[in-house]
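pasting a predicted model and its sequence here:
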Amino acid sequence: NQPALDLLHQGFTADYCEVPCRSFYTQYPHFAKFRVLTWAITADAYTRSCSGDWPGAMESCLDGLRLGADVPHGGVVISMLVGIAIQNIARPQAWEIVPHLSLEDAGVAAHRLETIMARRVPVADILLEEKWSMESGLVELFQKPDWLTTLSKAWELDEKEKARLK
């Protein structure tokens, strides 16, 4: 996994910003790759902790927390949820490492964590991007001659869901 982790660290030198979502048909295949990358990060943390490299293991966990903090930048609600999921993968292992850190190593980790926390995107920014995404999606939809049929089909409930609501 080292080439992928090296590429991640290279990417951390630049700011991440999600491509604006301006269609209901936007897909996010890269989010699945972020999850795989997060598992590689936690595997690296585990490997380092097994060899007694507690500061290195914590750095790896903090890489996961940083990735989770960066993913929502410029994105809609799903981006925020993916960021939360990434952090939820990395966080438990970090807690297991904390008791093994020296005072100095804990201070370094705490300082990095503070900088990661400062990178968080305000929820208001995410909701504003979500609003713009929905507005753009509706404009796109309304430009189609069969927009009403498309919209009503999107809202149709399948038989199972109708039975559940009765």
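Nice, thanks for sending it over. Numbers count the residues shown, from 1 in each chain.

surely Gly137 and Arg22 touch.
Yes: with contact defined as Cβ atoms under 8 Å, Gly137 counts as touching Arg22 (7.3 Å). Placement of C-beta: from N, CA and C, glycine included.

contacting residues for the most centrally placed residue in the chain?
What sits nearest the mean C-alpha location of the chain, by Cα atoms, centre = their mean, is Gly83, with 2.2 Å. Neighbour list for Gly83: Gly68, Ala69, Asp70, Val71, Pro72 [criterion: Cβ atoms under 8 Å, 6 or more residues apart in numbering].

tell me the one of those nearest Ile126?
Pro72 (6.0 Å; Cβ to Cβ).

low-confidence ranges, the chain, go.
157-159, 162, 165-166 (pLDDT under 70).

which stretches in it count as helices?
Ranges of helices in the chain, per DSSP state H, are 2-11, 29-50, 54-70, 77-97, 103-118, 123-142, 147-155, 159-165.

for Arg112, see how far away the residue nearest to the centre of the chain is.
Using Cβ to Cβ, to the nearest Å, Gly83 is found at 17 Å from Arg112.
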